[in-house]
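>>> Compute the structure for the input listed below.
(2 chains)
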Number of protein chains: 2
Amino acid sequence: MRLSRFFLPILKENPKEAEIVSHRLMLRAGMIRQEAAGIYAWLPLGFRVLKKIERIVREEQDRAGALELLMPTLQLADLWRESGRYDAYGPEMLRILDRHKRELLYGPTNEEMITEIFRSYVKSYKNLPLNLYHIQWKFRDEQRPRFGVMRGREFLMKDAYSFDLDEAGARRSYNKMFVAYLRTFARMGLKAIPMRAETGPIGGDLSHEFIVLAETGESGVFCDKDVLDLPIPPDDVDYDGDLTSIIKQWTSVYAATEDVHDAARFESEVPVDKRVNTRGIEVGQIFYFGTKYSETMKALVAGPDGVDVPIHGGSYGVGVSRLVGAIIEACHDDAGIKWPEAVAPFRAAILNLKQGDAAVDGACELLYRDLMAKGVDVLYDDTDQRAGAKFAAADLIGIPWQILVGPKGLADGKVEVKRRSDGSRENTSPADVVAKLAG
Amino acid sequence: MRLSRFFLPILKENPKEAEIVSHRLMLRAGMIRQEAAGIYAWLPLGFRVLKKIERIVREEQDRAGALELLMPTLQLADLWRESGRYDAYGPEMLRILDRHKRELLYGPTNEEMITEIFRSYVKSYKNLPLNLYHIQWKFRDEQRPRFGVMRGREFLMKDAYSFDLDEAGARRSYNKMFVAYLRTFARMGLKAIPMRAETGPIGGDLSHEFIVLAETGESGVFCDKDVLDLPIPPDDVDYDGDLTSIIKQWTSVYAATEDVHDAARFESEVPVDKRVNTRGIEVGQIFYFGTKYSETMKALVAGPDGVDVPIHGGSYGVGVSRLVGAIIEACHDDAGIKWPEAVAPFRAAILNLKQGDAAVDGACELLYRDLMAKGVDVLYDDTDQRAGAKFAAADLIGIPWQILVGPKGLADGKVEVKRRSDGSRENTSPADVVAKLAG
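Sure, this is the predicted structure:
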């Protein structure tokens, strides 16, 4: 992408309304624009990050055997009356009347709708297990939306729902999502630690929150240092196999948010030199809720003995739009964002340090063409801004690899490659940059 | 994908509520489920088609230089008061009050919001031309939603918005979208003919509808047979070059919907043997509306002389979810859907005609693995249904290539390949099928 043709409205001033660093940086980097309280438009740069996160979430859900569908944003109020949550949900639910005075709502989650879909079609245990997910916009009418996309009202969530004949099956489904989440967040360059959690309004008796460690996080976190270095399950993890050893490994080491922190246990279990007390951001939560919805909503299947039983369910959420903010909270410095490569809006940038100089322009064009040909996602800053402004912009928007092309280096056949994550720099030939980034 | 692990709730009965063939086939094939009047959940099979259509739309918008962003579904009423359309829009607009009694609406289109975004950041002609698009769910509260996804209330639309300094620039932007639309629909296997159209509530003085010819279409269409064979602009069409010759070629041949049909002109311009009178479905519409929104909403840029002028705008819509229905209307027979390959939910299906037979199972597994390894999108019917039921399902859901694997053929080292589009069949070795589909 040529920057001269891109839409990247970088703000020079720090926006006053932004209380936290991710909100500030997303506004400054031209990633989002607020359209109403807690409702954002995703400008092209922000949209690219959102899509990359969504793709990783999707790939790992698919790998774990979940099937993607797409439920609508609006739902019938009657569906929520069946589960009893219509009245219970309170003012966070956005309630709507259509032209025929029919009661609708903007879905804050989809347990009811997916249960309705399931019960309409699935009648036998032979069609289980089943895990259906979608990635769709949700709405929660927060009393006081703030922190940008971290606590928005309209937000993008991945929510999966599992259906099993019995508790043992449901726990296998739960474990698959547990492992998928470990992989999902690790692929985004995050340390996300599963922590036992309260189940809240979803209900049920087993739940884990996945917490990204970030000093600017919303809640305090206590853990054993060892949990930070546990191995992430590999690409070829066998989801049909027994995952309990992975789950045991991750759940036997102390890790808790301040809400459920047990100081006595922490002190007895964790040696002093391994006690970590930092802050964290919730980016995902998984629940096993048994027959909570299947009993009230009559989602029954015939078991092997022909008798109808309510299915055992779980639900599994990832805050896709929230993750954009969470990653920035975990990955930034004073100059701006430091995107992990897997979610960067562009993996590399070419900075033309002397626009209009025939040799520099020529070298940049060639590099741009070669990188594009190799499938590298590259932004070419071909604007007539000064070099200093180009450096600042590339750092602000957090491009992992920045290729500085100027007349002096070119005279020696070199360009300078700067790595955003650690600021390291290297002089190298254009051909070597292409080889390195294409590899 | 193994069918035994997929969620494909095929209906045996013809659903009574469905009045048109696409609606009937989408319900029967387990593609969608109605959740409220005009509001559908996309089940996994339907979702796959929706995503393939979305991807083609996106690729062709990107190719034409449009930039993707994503605006929220909900908008502030005040924004629409600025343009004067809040009151004008009538009961089709879904109006919403949030918990603080703030007036919101579910966006039926985005001219106002994109104009607000544009004017907030772009101040100079130097940043033009600009074309911003998104693919987002919209809502129109139709009095009487019907025909499934063809006239739903919650629907997925691609809408692009162009910004230019003057009319000449805006016409160049219009022409780019005209060409992009020709390519978009052709890639989906459709004959979509651009026809001069009324501008309606969007306003402006130039508009074309893109109409898919289908005998079951919603409106009558008159055209010169020659328009059906005009060449589609190639992959490498130069969007920065002069596109007027392509536009002239397509607009100089008679083509009109019955709303704007001019019988006298039709008869004088089109020889009797070339007169086509059939039916069609609108799948896209493009508008040039000049300064309609920029004047009322003050979207001004400084021109080369430093004087602020309102930009010239256009908007360009594709009915992404509607296209799923439109393609079925154009591509089906009595047995079911006949997907064009580019949008098929799976490109090929393997039908195991004797599940449990070691030789047949083994051959199917090998074929499945080999096709997957080559990146072919394949559905393997490994269920214990009878062969007849498998044939019927594969035809109903419209898989373009069906590979029939049975003990008799295998004894000769052969499988049978059936092509859904014309019903032709061929006996061939498994290796040749893989080579053919991978090519």
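>>> in what helix or strand does the residue nearest to residue A:233 when sequence neighbours are not counted lie?
Using CB to CB, 6 or more residues apart in numbering or on different chains and skipping the chain neighbours, the partner closest in space to residue A:233 is residue A:179 (5.1 Å). C-betas here are computed from N, CA, C, even on glycine. In the assignment (DSSP states H and E), residue A:179 maps to helix A:167-187.
>>> What parts of the stretch 151-300 of chain A come near chain B?
Applying CB under 8 Å from any CB of the partner chain, we find that the stretch 151-300 of chain A lies next to chain B at A:153, A:154.
>>> Tell me where the model's unsure across the stretch 151-300 of chain A.
Within the stretch 151-300 of chain A, the stretches with pLDDT under 70 are A:199-205.
>>> Strands along the stretch 201-350 of chain A, start to end?
Counting by DSSP state E, counting those that start in this stretch, the stretch 201-350 of chain A has strands at residues A:206-213, A:219-224, A:255-257, A:275-290, A:300-302, A:308-310, A:312-319, A:332-333, A:336-337, A:348-352.
>>> before we move on, the earlier item: in the helix holding residue A:179, which residues are buried?
For helix A:167-187, a neighbour-count test (16 or more other CB atoms under 10 Å in any protein chain shown) marks A:169-187 as buried.
>>> where's the residue nearest to residue A:233 relative to chain B, distance?
Going from residue A:179 to chain B by CB to the nearest CB, to the nearest Å gives 18 Å.
>>> for that residue, what are its contacts?
Residues near residue A:179 by CB atoms under 8 Å, 6 or more residues apart in numbering or on different chains: A:64, A:233, A:237, A:239, A:243, A:246, A:247.
>>> Quick one: buried ones out of those residues?
A:64, A:233, A:237, A:239, A:243, A:246, A:247.
>>> Hmm, residue A:182 and the second one touching each other?
Yes: counting by CB atoms under 8 Å, residue A:233 sits close enough to residue A:182 to count as a contact (5.9 Å).
>>> so what sits against both of the two?
residue A:246.
>>> isn't residue A:99 right next to residue B:143, touching?
Yes: using CB under 8 Å, residue A:99 makes contact with residue B:143 at a distance of 7.1 Å.
>>> Domains in chain A, by residue range?
Annotated domains of chain A cover A:3-337, A:346-438 [automatic domain parsing].
>>> what's around whichever residue of the stretch 101-250 of chain A sits closest to chain B, how many residues?
Nearest residue of the stretch 101-250 of chain A to chain B (CB to the nearest CB) works out as residue A:121 at 3.7 Å. Neighbour count of residue A:121, defined by other CB atoms under 10 Å in any protein chain shown: 16.
>>> swap in residue A:79?
Neighbour tally, residue A:79, other CB under 10 Å: 21.
>>> mind checking which of the strands of the stretch 201-350 of chain A is nearest residue B:282?
strand A:312-319 (37.1 Å; CB to CB).
>>> can I assume residue A:421 is in contact with residue A:337?
No: between residue A:421 and residue A:337 there is no contact under CB under 8 Å: 11.0 Å.
>>> These two: who's more crowded?
residue A:337 (25 against 15).
>>> Report the beta-bridge partners for that one.
Bridge pairing for residue A:337 (DSSP bridges) gives the partners residue A:332.
>>> show me the contacts for it.
Here residue A:337 is in contact with A:25, A:29, A:328, A:331, A:396, A:397, A:398 (criterion: CB under 8 Å, 6+ apart).
>>> again with residue A:152
Per CB under 8 Å, 6+ apart, neighbours of residue A:152: A:38, A:39, A:40, A:142, A:145, A:321, A:322.
>>> what's the spacing between the second one and residue A:94?
Per CB to CB, to the nearest Å, residue A:39 is found 11 Å from residue A:94.
>>> do the same with the fifth one
To residue A:94, residue A:145 is 12 Å away according to CB to CB.
>>> Next, the angle strand A:348-352 makes with the helix or strand hosting residue A:368.
Using DSSP H and E, residue A:368 maps to helix A:358-373. Helix A:358-373 and strand A:348-352 meet at an angle of 170 degrees, taking axes from the mean of the first three to the mean of the last three CA atoms, to 10 degrees as the criterion.
>>> contacting residues around the very next helix or strand once past helix A:358-373?
As assigned by DSSP H and E, the chain's next helix or strand after helix A:358-373 is strand A:378-381. Residues outside strand A:378-381 that contact it (CB under 8 Å, 6+ apart) are A:1-3, A:6, A:345-352, A:364, A:368, A:371-372, A:390, A:393-394, A:399.
>>> Only alpha carbons, please: show strand A:378-381 as PDB.
The C-alpha coordinates for strand A:378-381 follow below in PDB (Å, rounded to 0.1, in the frame of the first residue of the first chain):
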ATOM      1  CA  VAL A 378       4.100  -3.500   3.200                       C
ATOM      2  CA  LEU A 379       3.300   0.200   3.500                       C
ATOM      3  CA  TYR A 380       5.400   2.500   1.400                       C
ATOM      4  CA  ASP A 381       5.700   6.000   2.800                       C
END
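>>> Run through the bridge partners of the closest residue to residue A:425 other than its chain neighbours.
Spatial nearest neighbour of residue A:425, excluding adjacent residues (CB to CB, 6+ apart): residue A:418 at 4.9 Å. Beta-bridge partners recorded for residue A:418 (DSSP bridges): residue A:402, residue A:425.
>>> do the same with residue A:286
residue A:208, residue A:316.
>>> Contact partners for it?
Contact analysis of residue A:286 by CB under 8 Å, 6+ apart lists A:174, A:177, A:178, A:181, A:207, A:208, A:210, A:314, A:315, A:316, A:317.
>>> let's go with 7 Å and repeat that
Residues in contact with residue A:286 (CB atoms under 7 Å, 6 or more residues apart in numbering or on different chains) are A:174, A:177, A:178, A:181, A:207, A:208, A:314, A:316.
>>> OK, contacts around the third one?
Looking back up the chat, that one is residue A:178. A:194, A:208, A:247, A:286.
>>> Could you check how far the third one is from residue A:194?
When CB to CB is the yardstick, residue A:247 and residue A:194 sit 9 Å from each other.
>>> how about stretch A:15-24 against chain B, any contact?
No: Stretch A:15-24 lies out of reach of chain B by CB under 7 Å from any CB of the partner chain, never closer than 12.3 Å.
>>> Return the set of buried residues in that stretch.
Buried-residue list, stretch A:15-24, by 16+ other CB under 10 Å: A:18, A:20, A:21, A:22, A:23, A:24.
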